[in-house]
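Enquirer: here is my input; please provide its structure:
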Amino acid sequence: MTRRAAEIRLDALLRTACDVIVERGLANTRTADVAQAAGVSQALVFYHFATKDRLLAQAFAYAVDQDLARLDAVTRSSAAPLTKLRRILKLYTPAGRATSWSMWIDGWSESLRTPELEKVSRRLDLRWRQDLAAVISAGVADGTFQCADPDGAAWRISAVMDGLAVQLAVHERVISRRQFGEWVRLVAARELGLEPTDLD
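Expert: Next comes the predicted model:
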């Protein structure tokens, strides 16, 4: 197997592992499940990942990198801070029950017991807050936002989004995506001296 073929196969295995984890959960995912879903032998899975724990940790890191790449596309764009904020809020909203949010919820839980997952989870969480704070600071600097504490505002907005996203992802029909959006826009608007309609 050439190095390029191995890299392509590794990428495909990680994507498949993420799909299986979203469906079965971190605790219930076996290497055999990933091998079957990918249409490869279990030996090939162990060729790339010496243990199940390493497979799960690397799949989780892979999913984190995918999310951060989407965040980077927003924050590195030349868009105005208000546009970037709208896009970040949209990115954060769970797209449905079978989304990466199931993996994040699972990851937070497993992070209590698995240091490697805690490190990856923390990297994702802190990057979202740091990038959101940077967008808020840029908006304060250009007069779009009014906020004396961009870091604190980023943490408070993120905390509300996290809590609502868990409810939206885990408890079907407890809140709707529309309510999620309205409440997040309300909280962000209050933090940044805006009207909620500014974030539609």
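Enquirer: residue 198: what secondary structure?
Expert: helix (DSSP: H, G, I helix; E, B strand; the rest coil).
Enquirer: hmm, it is touching residue 81, no?
Expert: No - here residue 198 does not reach residue 81: they are 11.6 Å apart, not a contact under C-beta atoms under 8 Å. (Glycine included, C-beta is placed from N, CA and C.)
Enquirer: in terms of neighbours, single out the busier of the two.
Expert: Between residue 198 and residue 81, residue 81 has the larger neighbour count (other C-beta atoms under 10 Å), namely 20 against 16.
Enquirer: next, count neighbours for the residue lying closest to the more buried one once chain neighbours are set aside.
Expert: Setting aside the residues directly before and after it, residue 81 is nearest to residue 139 in space (C-beta to C-beta, 6 or more residues apart in numbering), at 3.4 Å. Neighbours of residue 139 under the rule other C-beta under 10 Å: 22.
Enquirer: got it, and residue 71?
Expert: 19.
Enquirer: that one and residue 95, how far apart?
Expert: 15 Å (C-beta to C-beta, to the nearest Å).
Enquirer: again, but for residue 194
Expert: In terms of C-beta to C-beta, residue 194 sits 25 Å off from residue 95.
Enquirer: list the buried residues of the helix or strand of the chain with the lowest mean pLDDT.
Expert: Least confident element among the helices and strands of the chain, by mean pLDDT, DSSP states H and E: helix 3-24 (a mean of 80). Going by neighbour count (16 or more other C-beta atoms under 10 Å), the buried part of helix 3-24 is 9, 10, 13, 14, 16, 17, 18, 19, 20, 21, 22, 24.
Enquirer: got the CA positions of the helix or strand that contains residue 54 in PDB?
Expert: Applying DSSP states H and E as the criterion places residue 54 in helix 52-75. Only the C-alpha atoms of helix 52-75 are listed here, as PDB (Å, rounded to 0.1, in the frame of the first residue of the first chain):
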ATOM      1  CA  LYS A  52      -9.800   0.800  20.200                       C
ATOM      2  CA  ASP A  53      -9.100   3.800  22.600                       C
ATOM      3  CA  ARG A  54      -6.700   5.200  20.000                       C
ATOM      4  CA  LEU A  55      -9.200   4.800  17.200                       C
ATOM      5  CA  LEU A  56     -11.900   6.600  19.300                       C
ATOM      6  CA  ALA A  57      -9.500   9.400  20.300                       C
ATOM      7  CA  GLN A  58      -8.300  10.000  16.800                       C
ATOM      8  CA  ALA A  59     -11.800   9.900  15.400                       C
ATOM      9  CA  PHE A  60     -12.900  12.400  17.900                       C
ATOM     10  CA  ALA A  61      -9.900  14.600  17.100                       C
ATOM     11  CA  TYR A  62     -10.700  14.300  13.400                       C
ATOM     12  CA  ALA A  63     -14.300  15.400  14.000                       C
ATOM     13  CA  VAL A  64     -12.900  18.400  16.000                       C
ATOM     14  CA  ASP A  65     -10.600  19.300  13.200                       C
ATOM     15  CA  GLN A  66     -13.600  19.300  10.700                       C
ATOM     16  CA  ASP A  67     -15.600  21.600  13.000                       C
ATOM     17  CA  LEU A  68     -12.600  23.900  13.500                       C
ATOM     18  CA  ALA A  69     -12.000  24.100   9.700                       C
ATOM     19  CA  ARG A  70     -15.600  25.300   9.300                       C
ATOM     20  CA  LEU A  71     -15.000  27.900  12.100                       C
ATOM     21  CA  ASP A  72     -11.700  29.000  10.500                       C
ATOM     22  CA  ALA A  73     -13.500  29.600   7.200                       C
ATOM     23  CA  VAL A  74     -15.800  32.100   9.000                       C
ATOM     24  CA  THR A  75     -13.200  33.800  11.100                       C
END
